[in-house]
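A.B. asks: Fold the following, please.
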Amino acid sequence: MDDNRLETLYNSFNQAIRDKCNEAVTVAFSGGIDSTLVAFIANKYCNIELIAVGVPGSHDLEAAKSAAKLIGMEIKIIEVNENEMVDEGLEMQEKIDLSGIEIEFMLPFWIAAKNTTNSILMCGQGADELFGGYARFRKENAKKDLSREVKDLIERIPEREEKITQKFNLKLSCPYLNKDVIRAAETYDVDERIGEVGKEVLRELAIEFGLPEEIANRKKKAAQYGSGSQRAIKNIIKHKIEFLIDFESEDIARAIVKATEPENSGWVDTTIMKNQVKAIVKAKNLGSLREAAEDFMACVSVAEKVTKN
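C.D. replies: Predicted coordinates:
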């Protein structure tokens, strides 16, 4: 290698992945440069399972199949139709407190975690922040504080990726967020890392590792668009309604929540706040939402009468 910085980055990234390969690893795989480079390197050191998630015919599934073939690896395809994607999103929203945009973005990762056969789930999170992969970094007068982007992501990981992996008793590995990898990447200035098309240095690194140029030069497509989850999950975000209901005492509030839980499990989230109950009712469309809200309030009314008697 002509550039010592690239050699340092090469060695640190290789080691970050190798250190996690003491056992079989699953890679959340989209076929883009980030996850494919991770899988390509990890495959040298341990048994690898690739999992790609998307609606039938989605960009990510086609890209993942193509990339897996180019690097000579088998791939586990999880096809989820739009109704199933909505159901998964509702379950994820129920179990993990995330914003609507985060649910769209993290849904493929959630489904991958749910279907892995290994105890370590490795991913490409952090590459876009560290190497400037987002299109907004290439706009005129763009704010390009990549160090802040990486720091913010590291702070969000425990609330997103780690919560998901913990839910399924998995260990999370994010090689791009390894401290030595970050330090090596930051020896390049921001504009060098971004380049003309984004992630310029990462593309050089991928070619140095021997990744096919067809993959190394692939353009980025956001996870929620690539997998098809954005189109499916948008219904979840729009179609929910929140109630705040007052009762005479906290004991009555608790009794009513307990009485209505079996009937409303999966589509109503309740939180007790002293003598109040906060309820979020969710449905796949507006017609169903209205019906669900009416059913919930009917359950509350019946439970309240029974409790008082």
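A.B. asks: In the helix or strand hosting Ser35, which residues are buried?
C.D. replies: Using DSSP states H and E, Ser35 sits within helix 33-42. By 16 or more other Cβ atoms under 10 Å, the buried positions in helix 33-42 come out as Ile33, Asp34, Ser35, Thr36, Leu37, Val38, Ala39, Phe40, Ile41, Ala42. No exception for glycine: its C-beta is placed from N, CA and C like everyone else's.
A.B. asks: Include distance to Glu49 when you put these into a markdown table, please.
C.D. replies: Shown next, in a markdown table, are the buried residues of helix 33-42 (distance: Cβ to Cβ, whole Å):
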| residue | distance to Glu49 |
| --- | --- |
| Ile33 | 20 |
| Asp34 | 17 |
| Ser35 | 13 |
| Thr36 | 14 |
| Leu37 | 17 |
| Val38 | 13 |
| Ala39 | 9 |
| Phe40 | 14 |
| Ile41 | 15 |
| Ala42 | 10 |
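A.B. asks: Can you get me a residue count around Thr187?
C.D. replies: 15 (other Cβ atoms under 10 Å).
A.B. asks: same check, this time on Gln166
C.D. replies: Residues near Gln166, counting by other Cβ under 10 Å, number 14.
A.B. asks: lowest average confidence, helix or strand, in this structure?
C.D. replies: helix 223-226 (a mean of 46; mean pLDDT, DSSP states H and E).
A.B. asks: Not counting its neighbours along the chain, what's nearest Asn14?
C.D. replies: Distance criterion Cβ to Cβ, 6 or more residues apart in numbering; nearest residue to Asn14, sequence neighbours excluded, is Ile41 at 6.1 Å.
A.B. asks: list the contacts for that neighbour?
C.D. replies: Phe13, Asn14, Ile17, Arg18, Phe209 (Cβ atoms under 8 Å, 6 or more residues apart in numbering).
A.B. asks: what distance separates stretch 196-207 from the centre of its chain?
C.D. replies: Stretch 196-207 has its C-alpha centroid displaced from the chain centroid by 23 Å (Cα atoms, centre = their mean, to the nearest Å).
A.B. asks: Need the residues that contact it.
C.D. replies: Taking Cβ under 8 Å, 6+ apart as the rule, stretch 196-207 contacts 6, 9-10, 13, 33-34, 36-37, 127-128, 130-135, 137-138, 185, 188, 192-195, 213, 215-217, 219-220.
A.B. asks: Now do the most centrally placed residue in the chain against Thr117, distance only.
C.D. replies: With distances taken as Cα atoms, centre = their mean, the residue of the chain nearest its centroid is Met106 (2.3 Å). Distance of Met106 to Thr117, given as Cβ to Cβ, to the nearest Å: 21 Å.
A.B. asks: Okay, domains of the protein per the record?
C.D. replies: If you go by automatic domain parsing, the domain ranges for the chain are 4-232, 239-308.
A.B. asks: doesn't Leu202 fall inside a helix?
C.D. replies: Yes - assessed with DSSP: H, G, I helix; E, B strand; the rest coil, Leu202 lies in a helix.
A.B. asks: any idea how far Gln15 is from it?
C.D. replies: 17 Å.
A.B. asks: what does Ala68 give?
C.D. replies: Taking Cβ to Cβ, one finds Ala68 at 25 Å from Gln15.
A.B. asks: Counting neighbours, go ahead and name the busier of the two.
C.D. replies: Taking neighbours as other Cβ under 10 Å, Ala68 and Gln15 compare with Ala68 leading, 20 against 14.
A.B. asks: any weak-confidence spans in the stretch 151-300 of the chain?
C.D. replies: Per-residue confidence for the stretch 151-300 of the chain (pLDDT under 70) gives these ranges: 220-239, 262-267, 283-292, 294.
A.B. asks: so where do the strands sit in it?
C.D. replies: 171-173, 240-246, 268-273, 276-282 (DSSP state E, counting those that start in this stretch).
A.B. asks: Right, I'll call it a day here.
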